[in-house]
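Undergrad: The following block contains a protein sequence and its predicted model.
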Protein chains: 2
Amino acid sequence: MTIQLKDLGKAVLETEYAVRGPIVARAQELERQGREIIYCNIGNPQALKQKPLTFLRQMLSLCQYPELMDKCPEQFPPDVIETAKKVLDGTKHGVGAYSESKGVRFIREAVAEFIYERDGIPVDPEAIYLTDGASKGVQTALRILISGTRDGIMIPIPQYPLYSATLTLYEGKQVSYYLDENRDWRLSRAMLDESLQEARRFDVNVKAICVLNPGNPTGAVLDKDNISMIIDFAREHGMAILADEVYQENIYNPGDSFVSFAKVMVERNEKDVSLFSFHSCSKGFLGECGQRGGYMEIRNIPNDVVAQITKLQSISLCSNLTGQVAVYCMVRPPRPGSPSHALYAAERDGILNELKKRAVILAESLNKIPGIECNTVAGAMYAFPRVTLPVNRKDDDYCMALLEEEGICVVPGTGFGQIPGTAHFRATILPPTNKIQAMVEKLEKFHLRFK
Amino acid sequence: MTIQLKDLGKAVLETEYAVRGPIVARAQELERQGREIIYCNIGNPQALKQKPLTFLRQMLSLCQYPELMDKCPEQFPPDVIETAKKVLDGTKHGVGAYSESKGVRFIREAVAEFIYERDGIPVDPEAIYLTDGASKGVQTALRILISGTRDGIMIPIPQYPLYSATLTLYEGKQVSYYLDENRDWRLSRAMLDESLQEARRFDVNVKAICVLNPGNPTGAVLDKDNISMIIDFAREHGMAILADEVYQENIYNPGDSFVSFAKVMVERNEKDVSLFSFHSCSKGFLGECGQRGGYMEIRNIPNDVVAQITKLQSISLCSNLTGQVAVYCMVRPPRPGSPSHALYAAERDGILNELKKRAVILAESLNKIPGIECNTVAGAMYAFPRVTLPVNRKDDDYCMALLEEEGICVVPGTGFGQIPGTAHFRATILPPTNKIQAMVEKLEKFHLRFK
């Protein structure tokens, strides 16, 4: 008798990950049958024609095949060759050997310097873990925090389903706090208190709060006061903070800027709140999702717990070295004046400017459709519009029909969570500008005829 | 109040992973202080000076930076350029985009062809998952199999601690079966029956048996009869099989050859035993540990369970694309007659011949030391000698002292499991041949004075 579905654990069966759920599976099936699909389901820039940054790819090719430095040095700016040599020295054995479980120390030092330069705060390289994308870091933090089925973690609604999926898999309790759609998806102390009270009524031991800044799928950007408020809340209730900061470069409103949790905590001399924060090479203007590079920074965590985190990391030996080098390239880009800087800056600005434009175009054109309302996309890579649906129709059906009829693949709001009775979908702002226009036109026709 | 050790779950705290445990941490500390350390703790060939294969690195550099194909085509054999183009086309969006959760379909098709050519059996590319090294595949299989704390998995003793660590973390029961050191670490039906009876006495629901072939740390190679016996055992008791076949290219005795579980199952028309088998780019003659490339092949698993496996994979989006391309290079090396073949074959044979020599030298020279007994290293990358220790001394102390006094880093037998009262250590055969000699001399002196 082979293994059967009934043999699987409840946690595995109940785990849901809508960003790659049945709608995406159906999209791939249609594509194999020859249909053209616009994939707006996931923040996968290079699948939507974003070009990789030359600097990063030159670095990775040299690290993979260092002989090119001697064989055709004229193909690489001299500073790239020099940097690649430095990184290879730093790895000690190149990209083909396992590194320390935490990742190459030299690269962790570079990450520490990057945070110091960004925030003006001291960082211990031993508090940096290089991870396969941010996802693995988040999973490690949740693994450490959830010690039994009574333990709960606060997550925003709507949220990125990595959090809900991992919580279900680790048999922790999801403690939802709502973001306020009518106030640009803002996060309020009242909502946090309400959510915590509710959890305590059910005897849930709330261990941490997850915050996504900028928000996914909401795009909302937190200011310093918001962050201080969350830190106060966490301290008062003995919680840790998970700060998902992977979209820190993706901020589109001129008035907004990224403020890290680490910076606010250090400035306030906060010692009593444990912090896990996450960054990635997959987003920003690099968009190098396939390299699976990322890091986790930890603060206010006692050494004996740090040792446990390292132990968990070590079971999979280390994150992939190419991803580690990609992290190095993210945190140590060409300096102004160096030979590779001009091209780097032009490519970076080109991508960021395009994203800014698309964020505006997508939200504006969605808002022109009667029955669709979309907040400003202030950050990240998504619009999360609210849709008015005919009575008894759900956003799942809506999104599946949109795929079947128009070849547009978006993710239903249920995958991220929403106030019961409301309906949304998430669409990335990533398709090329001319495609966004065409997509919204198709969407409008579809929306108006959807019954 | 920050997070404290007491807040962590029992499963996390109890998990142990000796291959990167306290002895390795101490070795790194000593190294930072300037000591020269011989790392024999882990199968990390390129950290011990094994050179990467030119073909593979050329492929990876081209996939990272395809412009090189036009900029300096003379640096690459024409078949490598052609293959890199084919792979890039197959990925659709290059190595910077997320792939399907299972991995790039084109690469999974290549893996299916590889297995077909190796074993003469049909393979469905949809039954292949590309994973970040074999470790992640093993963890997924165990996650699927362990549905509650009564569930147990049979693992050999000695074993590779990925299995014990993951079992502890997932709160499954470890059901140990002993390998027979006096018969070259062979696996017998009697041992399996005994272990199962013992587990049932404690009301453990045994879901699967893990087999490492070639064995780690034992080096033992299974023949077809052994494999048939294990399949019969699994069928009779309704168990799945996890076949860790990452050392399939590392077989040193002229009389032995690698036989896969998949082949034996298909030849016997076995439909009632679920199989998860694993392979990796980290071992063999590639030794590309840092790329984190690997795959899992599944058989006799119903579609609804397959969908659950895919869902679990999707939470981390996909394995790293460079690792996926490395898997492609492993399963589709240059064909004889192609321009890159001669160099490829020379590098491959050079590495395998060296490993063969070192396997013999290490075992022979260990056996010359009074109080150390080592079986033939028939396969894999390790010697696992038995050491006679002074009364009341443990192999942990022995290995720590060996590190402190001689700078040699090996892993104590306790990390892999051993019959109570015996002591062992695991050392890789990977150091360069001249270093192995020097290492064993130091070890001998140390061993004779250890009290």
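TA: Ah, there it is. Numbers count the residues shown, from 1 in each chain, chains lettered A, B, ... in the order given.
Undergrad: Please make it C-alpha for all contacts and neighbour counts, starting now.
TA: Noted.
Undergrad: Wait, A:Val325 touches A:Ile107, no?
TA: Yes: at 7.4 Å, A:Val325 and A:Ile107 qualify as touching, with contact defined as CA atoms under 8 Å.
Undergrad: Residues that sit against both of those two, list them.
TA: Counting by CA atoms under 8 Å, 6 or more residues apart in numbering or on different chains, the residues touching both A:Val325 and A:Ile107 are A:Val87.
Undergrad: got the buried residues for stretch A:178-194?
TA: By 16 or more other CA atoms under 10 Å in any protein chain shown, the buried positions in stretch A:178-194 come out as A:Tyr178, A:Leu179, A:Glu181, A:Asp184, A:Trp185, A:Arg186, A:Leu187, A:Met191, A:Leu192.
Undergrad: Excluding chain neighbours, what is closest to the first one?
TA: Put plainly, it is A:Tyr178. A:Ile157 (4.8 Å; CA to CA, 6 or more residues apart in numbering or on different chains).
Undergrad: if I pick A:Ala208, what's in contact with it?
TA: Taking CA under 8 Å, 6+ apart, one finds A:Leu145, A:Gly152, A:Ile153, A:Met154, A:Ala234, A:Met239, A:Ala240, A:Ile241, A:Leu242 in contact with A:Ala208.
Undergrad: Work out which residue lies at the spatial centre of chain A.
TA: Closest residue to the average C-alpha location of chain A: A:Val246 at 4.6 Å, with CA atoms, centre = their mean.
Undergrad: Could I get the pLDDT score of the residue of the stretch 101-250 of chain A found nearest chain B?
TA: With CA to the nearest CA, the shortest gap between the stretch 101-250 of chain A and chain B falls at A:Ser147, namely 3.7 Å. pLDDT for A:Ser147: 93.
Undergrad: circling back to that earlier point, filter the contacts of A:Ala208 down to the ones near chain B?
TA: Among the contacts of A:Ala208, the residues that sit close to chain B (CA under 8 Å from any CA of the partner chain) are A:Leu145, A:Met239, A:Ala240.
Undergrad: now, which of those residues lie within helices?
TA: A:Leu145 (DSSP state H).
Undergrad: Turn the buried residues of stretch A:178-194 into TSV, columns for distance to A:Ser365 and secondary structure.
TA: Output for these, formatted as TSV (distance: CA to CA, whole Å; DSSP: H, G, I helix; E, B strand; the rest coil):
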residue	distance to A:Ser365	secondary structure
A:Tyr178	26	strand
A:Leu179	23	coil
A:Glu181	19	helix
A:Asp184	17	coil
A:Trp185	19	coil
A:Arg186	23	strand
A:Leu187	26	coil
A:Met191	31	helix
A:Leu192	33	helix
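Undergrad: Pull the most distant pair out of those residues.
TA: The two members of the buried residues of stretch A:178-194 with the most space between them (CA to CA) are A:Asp184 and A:Leu192, at 16.6 Å.
Undergrad: The helix ranked longest in chain A packs against which elements?
TA: Ranked by residue count and defined by DSSP H, the top helix of chain A is helix A:341-367. When contacts are defined as 3 or more CA pairs under 8 Å, 6 or more residues apart in numbering or on different chains; DSSP states H and E, helix A:341-367 sits against helix A:54-64, strand A:372-373, strand A:382-383, helix A:433-449.
Undergrad: The ones you listed: which one's closest to A:Glu406?
TA: Closest to A:Glu406 of the helices and strands packed on helix A:341-367, according to CA to CA: helix A:433-449, at 6.7 Å.
Undergrad: okay, that closest one in PDB with CA atoms only?
TA: Extracted in PDB, the C-alpha atoms of helix A:433-449 (Å, rounded to 0.1, in the frame of the first residue of the first chain):
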ATOM      1  CA  THR A 433       4.000  49.900 -19.200                       C
ATOM      2  CA  ASN A 434       2.300  49.300 -22.600                       C
ATOM      3  CA  LYS A 435       1.100  45.900 -21.400                       C
ATOM      4  CA  ILE A 436      -0.400  47.300 -18.200                       C
ATOM      5  CA  GLN A 437      -2.700  49.500 -20.300                       C
ATOM      6  CA  ALA A 438      -3.800  46.600 -22.500                       C
ATOM      7  CA  MET A 439      -4.300  44.400 -19.400                       C
ATOM      8  CA  VAL A 440      -6.500  46.900 -17.700                       C
ATOM      9  CA  GLU A 441      -8.600  47.300 -20.800                       C
ATOM     10  CA  LYS A 442      -9.200  43.600 -20.900                       C
ATOM     11  CA  LEU A 443      -9.900  43.600 -17.200                       C
ATOM     12  CA  GLU A 444     -12.500  46.300 -17.500                       C
ATOM     13  CA  LYS A 445     -14.400  44.500 -20.200                       C
ATOM     14  CA  PHE A 446     -14.300  41.300 -18.100                       C
ATOM     15  CA  HIS A 447     -15.300  43.100 -15.000                       C
ATOM     16  CA  LEU A 448     -18.300  44.700 -16.600                       C
ATOM     17  CA  ARG A 449     -19.600  41.500 -18.000                       C
END
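Undergrad: buried residues in it?
TA: Neighbour-count burial for helix A:433-449, counted by 16+ other CA under 10 Å, picks out A:Thr433, A:Ile436, A:Gln437, A:Met439, A:Val440, A:Lys442, A:Leu443, A:Glu444, A:Phe446, A:His447.
Undergrad: Determine the set of other helices and strands touching that helix.
TA: helix A:341-367, helix A:395-406.
Undergrad: pLDDT of the first one, averaged?
TA: Predicted confidence along helix A:341-367 averages 96 (mean pLDDT).
Undergrad: Now do it and helix A:433-449, the angle between them.
TA: If you take axes from the mean of the first three to the mean of the last three CA atoms, to 10 degrees, helix A:341-367 sits at 20 degrees to helix A:433-449.
Undergrad: Can you check what angle separates helix A:341-367 from helix A:54-64?
TA: Angle of helix A:341-367 versus helix A:54-64, following the same axes, to 10 degrees, is 120 degrees.
Undergrad: So which residues of the stretch 251-400 of chain A form helices?
TA: A:261-267, A:303-315, A:321-331, A:341-367, A:395-406 (DSSP state H, counting those that start in this stretch).
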